[in-house]
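S.K.: Provided below are the primary sequence and the corresponding predicted coordinates.
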Amino acid sequence: MILVILPLGKEPRQVLDWIVRVFMYTVGTTIGATALALVLALIGRGLHMLLPGIGFQWAVGALGIASLVFALKELNIIRLWTPQIGWQVPKSWMKRSRLLGQTAYGVVLGAGIFTFIPFASFFVVLAWEAAAGAVSIPAAMAIGAVYGLVRGIPAVLGGLSLLRGQYPLPISNWLIAHLGWWHAVNGLALLFVGSFLLGSFVF
Amino acid sequence: MANSYTDQRNEGSALAAIPRSYKIWVLSLMGSAAALVALGLWLAGRVVDQPVQPWTGAAFMVAMGLAAIVGASKTSSA
């Protein structure tokens, strides 16, 4: 994705054009993730209204257990099937307008559920949005917004590196070549989250 | 008995054959994992005196941190 949103040249006009496109892409990722968080928050609120007898502490406990199980998957200790669509954003979206196309890319990639989901921790974030949204919809949307914003930032960094004369393909390749590290980081993060939530449930 | 002894010896040599860098990596990972579990439990015991509410305080910050990690990681695969 980083390579799709690169500036096409170093002329002021081209750089300005790129700034607008990368801004809209990042806005798109943030909107997509926030919108999904809103939907999940409403689902969480609906479930809470339907099942008022089930306290939040049980949701926290379930989320904690799920986090620890997903941590084992991320650390490659157990195999676990996770649902995903695996769709790829079509290039044809860029034909009519690069600006609109890249904004649409951002919205779809920001939502995250329409494309590959290689990291199980994503499901914990989605579940947490639903749990948090049951009481505070803005809190759930804030979690989604952070996720979406961070998804957009690498495009900005990739473009900036090109403007400084550094072609970002090695960076992109490096990111892909170290997928194992990202899984390890996700696994460790999930261990922390799981122990925090289960500790909160038990203590 | 002889087979058992041979198995044990093979196992020992197999462990010795593991590269040192890999052992360091595994030990670092296990150490980090144990430290993070302990940190999570300590944090939960310190900041919460009742079942944590996922929209408040420390739990909210932890959720935001996890969202940032997932966002950055997922970008590497897009």
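M.R.: Ah, there it is.

S.K.: what pLDDT does A:Val4 get?
M.R.: A:Val4 carries a pLDDT value of 57.

S.K.: I meant A:Val150, not that one.
M.R.: At A:Val150, the pLDDT value in this model is 90.

S.K.: now it, nearest residue through space, not along the chain?
M.R.: Nearest residue to A:Val150 in three dimensions, chain neighbours excluded: B:Gly71, at 3.2 Å (C-beta to C-beta, 6 or more residues apart in numbering or on different chains). All C-beta atoms are positioned from the backbone trio N, CA, C, and that covers glycine.

S.K.: how many other residues sit next to the one you found?
M.R.: B:Gly71 is flanked by 26 other residues according to other C-beta atoms under 10 Å in any protein chain shown.

S.K.: who does the helix or strand containing it touch, helix- and strand-wise?
M.R.: Taking DSSP states H and E as the criterion, B:Gly71 maps to helix B:57-75. Helices and strands touching helix B:57-75, as assessed by 3 or more C-beta pairs under 8 Å, 6 or more residues apart in numbering or on different chains; DSSP states H and E, comprise helix A:121-133, helix A:137-163, helix A:179-202, helix B:20-47.

S.K.: and that helix, average pLDDT?
M.R.: Regarding helix B:57-75, the rounded mean pLDDT is 86.

S.K.: which parts of that helix are buried?
M.R.: B:59-60, B:62-64, B:66-75 (16 or more other C-beta atoms under 10 Å in any protein chain shown).

S.K.: and the longest helix seen in chain A with helix A:121-133, angle?
M.R.: Longest helix in chain A by number of residues (criterion: DSSP state H): helix A:12-50. Comparing the axes of helix A:12-50 and helix A:121-133 via axes from the mean of the first three to the mean of the last three C-alpha atoms, to 10 degrees yields an angle of 60 degrees.

S.K.: show residues contacting the helix or strand just after helix A:12-50.
M.R.: Heading C-terminal from helix A:12-50, the first helix or strand you meet, by DSSP H and E, is helix A:56-74. Contacting residues not belonging to helix A:56-74 are listed as A:78-80, A:82, A:119-121, A:123-124, A:127-128, A:131, A:134-135, A:183-184, A:186-188, A:190-191, A:193-201, B:50-54, B:59 [C-beta atoms under 8 Å, 6 or more residues apart in numbering or on different chains].

S.K.: now a PyMOL select for only the buried ones of those.
M.R.: Typed into PyMOL, the line below selects the buried ones among the contacts of helix A:56-74, using 16+ other C-beta under 10 Å:
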select buried, (chain A and resi 119+120+121+123+124+127+128+131+134+135+183+184+186+187+188+190+191+193+194+195+196+197+198+199+200+201) or (chain B and resi 51+52+53+54+59)
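
S.K.: ok, back up a step: got TSV for the helices and strands packed on helix B:57-75, with distance to A:Met24 too?
M.R.: Below are the helices and strands packed on helix B:57-75 laid out as TSV (distance: least, C-beta to C-beta, whole Å):
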stretch	distance to A:Met24
helix A:121-133	24
helix A:137-163	10
helix A:179-202	26
helix B:20-47	37
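
S.K.: give me whichever of these is most buried.
M.R.: The highest average neighbour count among the helices and strands packed on helix B:57-75, using mean count of other C-beta atoms under 10 Å in any protein chain shown, belongs to helix A:121-133 at a mean of 26.

S.K.: what's that one packed up against?
M.R.: Applying 3+ C-beta pairs under 8 Å, 6+ apart, we find helix A:121-133 packed against helix A:12-50, helix A:56-74, helix A:137-163, helix A:179-202, helix B:57-75.

S.K.: state the mean pLDDT of that helix.
M.R.: The average pLDDT for helix A:121-133 rounds to 93.

S.K.: now that helix: how far from the chain's centre is it?
M.R.: Relative to its chain's centre, helix A:121-133 lies at 11 Å (C-alpha atoms, centre = their mean, to the nearest Å).

S.K.: what angle do helix A:137-163 and that helix make with each other?
M.R.: Using the same axes, to 10 degrees: helix A:121-133 against helix A:137-163 is 140 degrees.
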